[in-house]
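1. Based on what follows, work out the 3D shape:
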Amino acid sequence: MAPENSKDSHAMDQDVQPPPSKLLPKEAKKKKEEKKDEDLSEEDLALKQQLELYVERVQDGDPAIQKMALEAMRQEIRTATSSMTSVPKPLKFLRPHYGTLKSYYEKMVDSELKRYLADVISVLALTMSEDGDRESLRFRLQGSIGDIGSWGHEYVRNLAGEIGNEFQQRQTDEQPVDDLMDLVKQIVPFHVKHNAEPEAVDLLMEVENLELLTQHIDKGNYKRTCSYLTSFASYVPEPDDTLVLDIAYQLYCKFEKYPDALRVALRMDNTQYVKSTFAACKDLLEKQQLCYILARQGVLLELDEELADNDEQRELLQELISNSKLSEGYLTLARDLDVMEPKTPDDIYKAHLVDGRASAGASVDSARQNLAATFVNAFVNAGFGQDKLMTAPSMDSSTGSSSGSWLFKNKEHGKASAAASLGLIVLWDVDGGLALVDKYLYSNDNHVVAGALLAVGIMNCGVHNDCDPAYALLFESVNKEDPTIRIGAIMGLGLAYAGSQKEEVLDLLTPIVQDSKVGIEVAGFAAMALGLVYVGSCNEDVAQSIVLALMNRSEAELGEPLARFLCLGLSLLYLGKQDAVDATMEVAKTFHEKISKYCQVTLDSCAYAGTGNVLKVQALLSLCADHLEKGDSHQAPAVLGIALVAMAEELGLDMAIRSLEHLLQYGEQNIRRAVPLALGILSVSNPKISVMDTLSRLSHDTDSEVAMAATVSLGLIGAGTNNARIAGMLRNLSSYYYKDPSLLFCVRIAQGLVHMGKGLMTLNPYHSDRFLLSNVALAGLMSFLHGSLDMKSIILGKYHYVLYFLVLAMQPRMLITLDENLKPLSVPVRVGQAVDVVGQAGRPKTITGFQTHTTPVLLATGDRAELATEKYIPLSSVLEGFVILKLNPDYQQDHLSS
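-> Residues are numbered from 1 along each chain as shown. Predicted structure coming up:
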């Protein structure tokens, strides 16, 4: 009851009062303020009246009183500790007087007091000033020269933001910026001291003076600073990204973190830095770790006197750089995981799990089925050195070896792929493999010889041997009569010397590319091989010879499917080199219209591959928006181009996947055929559920080419993961397409890829925590994808050995820890999903959902490992591949841990 009565009485009161509209504005305001004052606690009221008194005193005529009032006001503001969520009390109460103080400031004569007042107004402007008029900064520049940090962190951050805008403004108006730089020199040390290195970096980037950073970073904070620099380099446009990485490189060198410095040098693709890092590192163990990093990136560094102390040491290091330990490490991993037993294609197909009708259709096209089995067998047993089809010892000496019998279960060009599969089985093991391949080099069947030559190239892929067997065995066959043998030898050279820029290969293959009497397919493979050997080198001679070949060929020849390999070979020279491609782009515009656009798009997408350049993605997307006549073929490489450019960082990658979904809905047929392949390379060896579902949907598409591309891409996203869900999808597809030999062939290839290396391998071109991109691996993937753009004539035709280009990207996805004598050492490690902790305060956990294993262990895409023991210190901050551990001198054995 009571409340209602009070309400009524309140209403009566209101009736007595004059209506509110009649109140004079001044009275109304006063009433409001009185009401507000009643809400304040006694302390706050006292503070408010105190501050109002100070404001009046500041305007006093007597300088001494002014000074006291200002000092007191400064003191109040500085000591006002408040939670970060609300405005500090003194600032809140001084807000109404902001205008008063400003107008009084304008009347003051220039003195020390005026500067003191400017300081106070600058802090008030933090909450009061309008957007964009940068008053806080203006009064700061007119204020006293002193410690700005004492006004609090929020104030300094606000200033930093205003400085960035002001700097841009002055740059456009061409005004001096020295006063701003003086402030920056105060703010940066403040940020660094208060663990806000990322903010210091951002400010210095805004004022284009990142070099200042190196003076303020010390041993305690260089790690956080460098991790911020290296990770945001992906989002910075050219050429600033190199500048950012350069600073990170200098910091790592300053604190003698050579493995990290080397990774940054490799990311910048700066050979000079690679050498100087190597020379600066004096510790032999650490040098060996550097060699393992170089070997993983595929950089062949010739060590001279400066880089190695003596001959013995040089031989040891050179052996590590040439990757000759890869096979041994891989087999150690396989033994540890107990997967040495060879697998047959039937173990992979698991036909007994599929409905009855598939097995009945198995005899449809036996040569095609045998060819598929050859590839599956090669991919699954890759690098193990033994299998049950090609290397199995003969069962009965009178019937000849069983491997011979499998070889001849393949028809003509199928024999080439069968013989070449031997190279994949003995991958990386040159000494053991040559003995097995040798007998086929002297066969009477040209296809077998071609396959054997290719096998020599495959087994030398990614490893370099002192006696250089690949060149010695292959160079004579390059100029034989038979085109099949020539292609085998040429492709073998391309695989064996990819990325090595070997001049003998250049001298051997340029004449073939330029000779217009040579068949276009041989010239195409020769251009590809040169592109692989000189990948990302912008080599003039190679470019010129391929350009001439493209100009001199007839229209009919340029219409052949393999003529595209000439374009791709040319484009690989500029892989990731951005504007270095411009001159060649201009030349490409003059080619025959049949190939000109295709060539331009391929050049553009290669040059910006892995850069994340947004403008290029937009340009390629707009190319895909055109609805064209049937004959045009340049939209398919544009779709692949979108994937290549956007794969640089996670954010762009997700956006690209969304854009590709749109292309599927609205694009023409030739675009739809390329979309599955683009999805395949965006999440290669990384079976994301969303991508998997899209591809699964497309694998039942009415257009058989889309279905084939989607099926092969299912293999790519699951490559080397043994992913059970994809394996199940592929088994269902094998029964769905049991009557269609072409699609069944694609399903088999995909099955082989998913179980590649029995699940110990990856095709991902990125490594070292997704920081480094291997050019050679990317080139291999692209060669395969461009081959797949025309499935029917290349992969399902007689050039199925294009599949072997994938060898360039095959790497064990392992972590092997070694002791100081480079022998495998078992230690406990935690393996879990990597978490991005860049720029976070404190020491957050870098992995989540981890399990503890003992090395050697497998790492999936997006996994990260960390040591679970303090007994050893790893020489590399990224635990991937081969990592050398040294004993921790400060380690104390815990009685529990023993």
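
2. Give me the neighbour count for Ile76.
-> Ile isn't right for residue 76; it's Glu. 20 (other C-beta atoms under 10 Å). C-beta: built from backbone N, CA, C; applies to glycine.

3. mind pulling up the phi and psi values for the nearest residue to it once chain neighbours are set aside?
-> Nearest non-adjacent residue to Glu76, counting by C-beta to C-beta, 6 or more residues apart in numbering: Pro90, 4.6 Å away. For Pro90, the backbone dihedrals (degrees, to the nearest 10) come out as phi -60, psi -40.

4. Next, count neighbours for Ala750.
-> Neighbours of Ala750 (other C-beta under 10 Å): 31.

5. give the contact list for it.
-> Residues in contact with Ala750 (C-beta atoms under 8 Å, 6 or more residues apart in numbering) are 711-712, 714-715, 718, 726, 730.

6. Can you read off the pLDDT for the residue nearest to Glu76?
-> Turning to Pro90, the model gives it a pLDDT of 77.

7. With the one 3 residues further on instead?
-> Listed pLDDT for Phe93 reads 79.

8. now Pro393
-> pLDDT, Pro393: 63.

9. So Val829: helix, strand or coil?
-> Secondary structure, DSSP: H, G, I helix; E, B strand; the rest coil: Val829 is strand.

10. hang on, the earlier thing: so what's the residue nearest to Glu76 up against?
-> Pro90 makes contact with 47, 51, 73, 76-77, 80 under the criterion C-beta under 8 Å, 6+ apart.

11. can you pick the most crowded of those?
-> Met73 (24 neighbours).

12. what about the biggest helix by length in the chain, distance to the chain center?
-> The longest helix of the chain (DSSP state H) is helix 153-173. Remark: helix 153-173 is offset 32 Å from the chain centroid, using C-alpha atoms, centre = their mean, to the nearest Å.

13. which secondary structure elements does it contact?
-> Secondary-structure packing of helix 153-173 (3 or more C-beta pairs under 8 Å, 6 or more residues apart in numbering; DSSP states H and E): helix 112-128, helix 135-142, helix 178-193, helix 197-206.

14. where does the stretch 751-898 of the chain dip in pLDDT?
-> Counting by pLDDT under 70, the low-confidence segments of the stretch 751-898 of the chain come to 894-898.

15. can you give me the helices in the stretch 601-750 of the chain?
-> Along the stretch 601-750 of the chain, the stretches classed as helices by DSSP state H, counting those that start in this stretch are 614-625, 635-646, 650-666, 669-682, 689-698, 704-717, 724-736, 741-754.

16. now for these, which one comes closest to Phe408?
-> With C-beta to C-beta as the measure, helix 741-754 is the member of the helices of the stretch 601-750 of the chain nearest Phe408 (19.8 Å).

17. and that closest one with helix 704-717, angle?
-> 10 degrees (axes from the mean of the first three to the mean of the last three C-alpha atoms, to 10 degrees).

18. got the angle between helix 741-754 and helix 669-682?
-> Going by the same axes, to 10 degrees, helix 741-754 makes 20 degrees with helix 669-682.

19. Look up how far Leu530 lies from Asp507.
-> Separation of Asp507 from Leu530 (C-beta to C-beta, to the nearest Å): 11 Å.

20. Pick out whichever of those two has more residues nearby.
-> Applying other C-beta under 10 Å to Asp507 and Leu530 shows that Leu530 carries more neighbours, namely 30 against 11.

21. does Leu815 sit in a helix, a strand or a coil?
-> Three-state assignment for Leu815 (three-state DSSP): strand.

22. what sits against it?
-> Under the criterion of C-beta under 8 Å, 6+ apart, the neighbours of Leu815 are 829, 831, 855-859, 865, 879-881, 883.

23. Pretty sure Ser322 sits against Tyr292.
-> No - Ser322 lies out of contact with Tyr292 (C-beta atoms under 8 Å); the separation is 11.5 Å.

24. Per-residue pLDDT of the closest residue to Ala372 other than its chain neighbours, please?
-> Spatial nearest neighbour of Ala372, chain neighbours left out: Arg748 (3.6 Å); criterion: C-beta to C-beta, 6+ apart. If you check Arg748, the pLDDT there is 90.
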